[in-house]
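> take this sequence and fold it.
(2 chains)
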Amino acid sequence: MTLIKNMVGRKIVMSITGLALVSFVCIHLLGNISLFSGPDGINAYAKMLHSLGPFLWVVRLIMAAALGLHMVFGILLTLENRTSRAQKYAVNKHLSATVAGKNMIWTGLLIALYLGYHLLHFTGQMIMPEFSSSRNLDALGRPDVFSMVVHSFQHTVVSVVYVTAMAAVGLHLSHGLQSMVQTLGLNNERTLPVMVKVGAAAALVLFLGYAAIPAGIVSRLVGR
Amino acid sequence: MDLTLFVWRQRGQLDKGRLEQYAARNISPDMSFLEMLDTVNEGLIAEGREAIAFDHDCREGICGMCSQVINGIPHGPQEKTTVCQLHMRHFKDGDTIYIEPWRAKAFPVIRDLIVDRSSLDRIIQSGGYASVHTGGVPDANAVLVPKQDVDIAMDAAECIGCGACVAACPNGAAMLFTAAKVTHLAMLPQGRVEAARRVCVMTETMLREGFGSCSNHYECQAVCPKGIKVSFIAKLNREYLKSFMGNPGCSTGE
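Predicted structure coming up:
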C-alpha cells in the first residue's frame, strides 16, 4: 500500500492507469474507423466484439478499474497540489507549463462527463433509442451500428458535443502522454524534448481520427 | 534610472501581508538587484521607515539565499541567474517591478521576502547522505567510477538548495531538489548502497513537509539558477520503481 501513500507512487498509479486508458482510446479509434468502409465494416466489427463474450467483460472491468483509479488519484493529487501552493503570486509568469498541462483536471472532468453520456448513448442506447443498434438489425441480422452512428451524428448538436469532447481528450493526452513517459522514468535528457513533441503529435492524430467520424457524416461523405 | 517597486510586506507568518509601493531613484545599471534593494532600504531607514527584509549571503551566486520572485519569475528574468547576480541593466528606466517571496505551503514567510526553507533541510536529513565509515583515507582510485557517471553526479550536485524550483512549481513540489540529491548519490558507488531506502524516505518526507507532487510542467528546470535538469526527476522515478520492486514495503524500514 506504500505505492498509494507515496507521492511518486501515486503518480505511477496515474501513469499506468493512464497507459491502460490511452491504449483503449487507440484500439477504440481503430475499431471506429471501420465505419468508413460502410455498414459491412463496423457492423461486422460490432458482431465480432459481441462474440467475445466474457472476454469483453474482462476488458470492460479492467477499463472501469483503471478509469476509477485514474479519476480518484487525479482528483486527490489536484486537491493536494492546490493546498501545497495555496497562496497565489500577484504576478506569475509560466515559462514552460502549457494550457493542456495546467487544465488536466478540467479536461479530465469534461471527458468523464462526456463518457457518461457516450455510454448511455451508444452502449446503453438509452439516448435516441429509436436508432438503437440492438433493436434495429441490418440485412444480415447483425446489430446495425452503422445506422445508429450515422443517424445520431446527423444531428449537428450531437456531432458538436462529440468533437468538443474529443478536443478535451486531445488536450488531455497532449500533456498526459509525455507526462506518463516521464513519470515512469523512461526519459533522459535527449528523449525528453522528443517525447514532449511525440506526445503532442500523437494526441493530435487521435483527435483528428475521432473528429473525422462526425465530420464525415455531417459532410455526407459517409452514409449515403 | 528610476523604478517603481511593488514589494511584498508581511510582518510574520500570521500576518496576511500586502504589496506596498516604493520608488527606487538614481539606480545605477551596474548595481545588482540586491544592491538596488540596499539603496531603497537606506532611503527607508533615513525616513525612519522599516527596511524591506530580504535574504542574502554570498552575493556571488552560489549560496542560494536570495529568494525573490521578480515579475512573476523566481530569481527574475535572466536564465540561470540568482538575484544577487541579476543586474539592473536588464531593466529599463521607468520599469515597474513586482517582488514577492517564494510561495509554497512548505515555505512559510518569516518576514517580507524571507521564507523558512528548513523543510528542504529536513528532506536532506531524512536520506540525502551516504553513510561512510570513518578511518584512514582510502587509496586514490580504489573505487573506480565511469567518467559519464561522475559527470551526471556532478551536474546533479550543482544544486544550491535555493528553492526556486518549489517557488516556480504550480504545485509547490520539491521534486527537482530531491531528484538532484537522489541522482547525485545514486550515480556514485558510495551512494548506491543506500539508494533504495533513500528514494523512499526522501519522497515520503516531501509529502510530510507539505510539498505537492510533480505534474511534469518543467517550470522548475526553466528557473533553476544552476541548470538542474528534469531528466533527474525521471531518474528519481526510476530509482523509486526499482526500490519498490525490490521491497514493496518500501517505506522507512525504521
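> now residue A:180: how far from residue B:159?
26 Å (C-beta to C-beta, to the nearest Å). All C-beta atoms are positioned from the backbone trio N, CA, C, and that covers glycine.
> farthest residue from the center of chain A?
Relative to the centre of chain A, the most outlying C-alpha is that of residue A:90, 35.8 Å out, by C-alpha atoms, centre = their mean.
> sec struct for that one, please.
With DSSP: H, G, I helix; E, B strand; the rest coil as the basis, residue A:90 sits in coil.
> check contacts around it.
Residue A:90 sits next to B:6, B:8, B:19, B:98, B:100 when contact means C-beta atoms under 8 Å, 6 or more residues apart in numbering or on different chains.
> touching, residue A:35 and residue A:152? I think so.
No: applying C-beta atoms under 8 Å as the test, residue A:35 and residue A:152 come out as separate, 11.7 Å apart.
> who's more crowded, those two?
A side-by-side neighbour count of residue A:35 and residue A:152, using other C-beta atoms under 10 Å in any protein chain shown, places residue A:35 first with 23 against 18.
> ranges for the helices of the stretch 51-200 of chain B?
Ranges of helices within the stretch 51-200 of chain B are B:118-127, B:147-157, B:164-168, B:175-186, B:189-192, B:195-208, based on DSSP state H, counting those that start in this stretch.
> pLDDT averaged over the last one - what is it?
The average pLDDT for helix B:195-208 rounds to 94.
> about what we covered before: distance to residue A:114 and mean neighbour count added to the helices of the stretch 51-200 of chain B, as TSV?
Formatted as TSV, the helices of the stretch 51-200 of chain B follow (distance: least, C-beta to C-beta, whole Å; neighbours: other C-beta atoms under 10 Å in any protein chain shown):
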stretch	distance to residue A:114	mean neighbour count
helix B:118-127	40	19
helix B:147-157	43	15
helix B:164-168	33	30
helix B:175-186	32	27
helix B:189-192	48	14
helix B:195-208	33	23
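> so for chain A, which of those sits nearest?
Distance to chain A, taken as C-beta to the nearest C-beta, is lowest for helix B:195-208 among these, at 4.9 Å.
> what's the angle from that closest one to helix B:175-186?
160 degrees (axes from the mean of the first three to the mean of the last three C-alpha atoms, to 10 degrees).
> residues in contact with helix B:195-208?
Helix B:195-208 is contacted from outside by A:2, A:5-8, B:122-123, B:126-128, B:173-175, B:178, B:181-182, B:185-186, B:191, B:213, B:236, B:239-240, B:242-244, B:246-247, B:250-253, using C-beta under 8 Å, 6+ apart.
> one more pass at 7 Å, please.
Applying C-beta atoms under 7 Å, 6 or more residues apart in numbering or on different chains, the contact partners of helix B:195-208 are A:6-8, B:122-123, B:126-128, B:174, B:178, B:182, B:185-186, B:236, B:239-240, B:242-243, B:246-247, B:250-253.
> take that helix, keep the C-alpha atoms, and write them as CSV.
Output in CSV follows, covering the C-alpha atoms of helix B:195-208 (Å, rounded to 0.1, in the frame of the first residue of the first chain):
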residue,chain,number,x,y,z
ALA,B,195,19.9,4.2,-2.8
ALA,B,196,16.7,2.1,-2.4
ARG,B,197,16.0,3.3,1.1
ARG,B,198,17.0,6.9,0.3
VAL,B,199,14.5,7.5,-2.5
CYS,B,200,11.6,6.1,-0.4
VAL,B,201,12.4,8.1,2.7
MET,B,202,13.1,11.4,0.9
THR,B,203,9.9,11.2,-1.1
GLU,B,204,7.9,10.4,2.0
THR,B,205,9.5,13.4,3.8
MET,B,206,8.5,15.6,0.8
LEU,B,207,4.8,14.7,1.4
ARG,B,208,5.1,15.1,5.1
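> what does the average pLDDT come to for the helix or strand that comes right after that helix?
Using DSSP states H and E, the helix or strand that directly follows helix B:195-208 along the chain is helix B:219-223. For helix B:219-223, the mean per-residue pLDDT is 97.
> weed out the non-buried ones from the contacts of residue A:90.
Neighbour-count burial (16 or more other C-beta atoms under 10 Å in any protein chain shown) applied to the contacts of residue A:90 gives B:6, B:8, B:98, B:100.
> filter those residues by proximity to chain A?
B:98, B:100 (C-beta under 7 Å from any C-beta of the partner chain).
> what is the nearest of the buried ones among the contacts of residue A:90 to chain A?
residue B:98 (4.3 Å).
> residues of stretch B:129-137 that come out buried?
residue B:130.
> give me the contact list for that stretch.
B:185, B:190, B:191, B:194.
> distance to chain A for those residues - can I get that in TSV?
Converted to TSV, those look like this (distance: C-beta to the nearest C-beta, whole Å):
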residue	distance to chain A
B:185	17
B:190	22
B:191	18
B:194	17
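> make JSON lines out of the contacts of residue A:90 and add pLDDT and distance to residue A:158.
Output for the contacts of residue A:90, formatted as JSON lines (pLDDT from 0 to 100; distance: C-beta to C-beta, whole Å):
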{"residue": "B:6", "pLDDT": "98", "distance to residue A:158": "51"}
{"residue": "B:8", "pLDDT": "98", "distance to residue A:158": "51"}
{"residue": "B:19", "pLDDT": "97", "distance to residue A:158": "49"}
{"residue": "B:98", "pLDDT": "98", "distance to residue A:158": "48"}
{"residue": "B:100", "pLDDT": "98", "distance to residue A:158": "48"}
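> export these as CSV, with columns for distance to residue B:87.
Output for these, formatted as CSV (distance: C-beta to C-beta, whole Å):
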residue, distance to residue B:87
B:6, 20
B:8, 22
B:19, 24
B:98, 18
B:100, 20
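> what is the nearest of the residues you listed to residue B:163?
Using C-beta to C-beta, the shortest approach to residue B:163 within the contacts of residue A:90 belongs to residue B:100, at 13.5 Å.
> now for residue A:112, how many residues are close by?
By other C-beta under 10 Å, the residues close to residue A:112 number 15.
> the longest helix along chain A packs against which elements?
Of all the segments of type helix in chain A, defined by DSSP state H, the longest one is helix A:54-84. For helix A:54-84, the packing partners by 3 or more C-beta pairs under 7 Å, 6 or more residues apart in numbering or on different chains; DSSP states H and E come out as helix A:7-32, helix A:104-118.
> centre of the chain versus that helix, how much separation?
Taking C-alpha atoms, centre = their mean, to the nearest Å, the mean C-alpha location of helix A:54-84 is offset from the chain mean by 13 Å.
> buried sites along that helix?
Buried, per 16+ other C-beta under 10 Å, within helix A:54-84: A:63, A:66, A:67, A:69, A:70, A:73, A:74, A:77, A:78, A:80, A:81, A:84.
> for chain A, which residues are neighbours of chain B?
A:2-3, A:6-12, A:77, A:80-81, A:83-87, A:89-97, A:101-102, A:104, A:178-179, A:182-189, A:192.
> which of those residues count as buried?
For the residues of chain A next to chain B, a burial check counting by 16+ other C-beta under 10 Å picks out A:2-3, A:6-12, A:77, A:80-81, A:84-85, A:89, A:91, A:93-97, A:101, A:104, A:178-179, A:182-185, A:187, A:192.
> who's in contact with stretch B:44-60?
Contact partners of stretch B:44-60, identified using C-beta under 7 Å, 6+ apart, comprise B:7, B:34, B:37, B:40-41, B:63, B:65-68, B:84, B:111-114.
> hmm, back to that, could you dump the buried ones among the contacts of residue A:90 into TSV and include distance to residue A:19?
Shown next, in TSV, are the buried ones among the contacts of residue A:90 (distance: C-beta to C-beta, whole Å):
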residue	distance to residue A:19
B:6	45
B:8	42
B:98	41
B:100	39
